[in-house]
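Asks: Have a look at this prediction, sequence included:
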Amino acid sequence: MVLALDKQWVWDSWYAHDGERWHAWFLKADKSLGDPELRHFNVSQGHAISEDLISWQHLGTSLAPAPAPAWDDLVTWTGSVVRDSDGLWHLFYTGGRQFEKGLYQRIGHATSHDMHNWDRVGDGLCLDLTGPNAARYEAEHMVGHWHDRAMRDPWVMRDPTGDGWLMYFTARAPGIEEANAAGAIGFATSPDLIHWDLQPPVFVGGFGQLEVPQVFEVNGRWYCLFCTAAQHWSRARIADTGMTPVTGNHYLIADDPRGPWRIAPGFLDGANPCRRYAARILKTAEGLVIMGFDDNGRDHFVGQIRDPEPVLVDAEGYLHIDADAEQGGK
């Protein structure tokens, strides 16, 4: 049983466990739009719960764009959810405004006691590409060079070496001639989840964009899962791997969450057309599993969350999808 809605497409998702059950939040848009490519700017966030990541109860819309005028009055895109030491839940999400046509992305913050009804903290805006380290990013829309001013998909986690919090996000680095060599994982820090300081990117290169980052640790190694498209591989990455570019999910690897990060060999989970995109790796009682939305390409878009599939870690610390145990969402 996949996570699917009869009248809406479902795509990017993120997850949290409340101690009893799994919660999934996901982007959704009405199928009445006709063309799934229109979904990105007709979006809200859905919420569902599950005991096993397979059977889901849909609870309805959890967050939607704010009334205009607001910095997030056009879109509320992909994010992540964490719980603080007092038990309050925090949602960090991507926002875009109407008068900028969603081309400038920023990061927002909302809180909740029930994980479904979210209240923006102030006007919601918590981080933009401003301040001393903004020069380390492509902080303006480079029209003709790239399709947007990228700052999205925040992944927030506790700092394993201190009392604060770390944020990773999709971004781009400036001054790089090849557009597909400028993808970056942006970085910010906070002592309290409220006040954030933009830091230099923790990784640059390999692809034009590294979307939907997720940072996690297994057996003392750190992983940054991301997704990208075949058309966004850099010339150097193609030459280094000798691969035909694919669309899907891959990862960076490091000994410390602040890096240095490197691209893992090969490509974890890709195909043309893409089978699964915007994946997350979750830690369950049975081990690691991967979940993401059923894509199948622009012409045959599916728009549902595939069932979990097991992920293995080999002796060298590299990730592999367990082909023999795939459930596949079939």
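Replies: Yes, it's here.

Asks: Return the residues in contact with residue 102.
Replies: 40, 41, 74, 75, 96, 148 (Cβ atoms under 8 Å, 6 or more residues apart in numbering). For every residue, glycine as well, the C-beta is placed using N, CA and C.

Asks: Identify the spatial nearest neighbour of it, chain neighbours not counted.
Replies: Spatially, and ignoring its direct neighbours in sequence, residue 102 is nearest to residue 96 (3.5 Å; Cβ to Cβ, 6 or more residues apart in numbering).

Asks: beta partners of that neighbour?
Replies: Per DSSP bridges, the residues bridged to residue 96 are residue 75.

Asks: my guess is it meets residue 103, correct?
Replies: Yes: Residue 96 lies in contact with residue 103 (Cβ atoms under 8 Å); the separation is 7.4 Å.

Asks: Please say which of these two ends up with more neighbours.
Replies: residue 96 (26 against 14; other Cβ atoms under 10 Å).

Asks: what's the distance between that one and residue 39?
Replies: Using Cβ to Cβ, to the nearest Å, residue 96 is found at 14 Å from residue 39.

Asks: Also residue 71?
Replies: Distance, residue 71 to residue 39, using Cβ to Cβ: 21 Å.

Asks: Contact partners for the residue nearest to residue 180 when sequence neighbours are not counted?
Replies: Nearest non-adjacent residue to residue 180, counting by Cβ to Cβ, 6+ apart: residue 208, 4.0 Å away. Contacts for residue 208 (Cβ under 8 Å, 6+ apart) come out as 146, 172, 179, 180, 181, 182, 183, 228, 232, 233, 234.

Asks: repeat that for 7 Å
Replies: Contacts for residue 208 (Cβ atoms under 7 Å, 6 or more residues apart in numbering) come out as 179, 180, 182, 183, 232.

Asks: now swap in residue 74 and tell me
Replies: Contacts were defined as Cβ under 7 Å, 6+ apart; by that measure residue 74 touches 41, 65, 96, 97, 98, 102.

Asks: go on, residue 280?
Replies: When contacts are counted by Cβ under 7 Å, 6+ apart, residue 280 touches 13, 14, 15, 214, 291, 292.

Asks: cutoff 6 Å now
Replies: 15, 214, 291 (Cβ atoms under 6 Å, 6 or more residues apart in numbering).

Asks: So it versus residue 132, what's the distance?
Replies: If you go by Cβ to Cβ, the gap between residue 280 and residue 132 works out to 32 Å.

Asks: same check, this time on residue 316
Replies: Going from residue 316 to residue 132 by Cβ to Cβ gives 38 Å.
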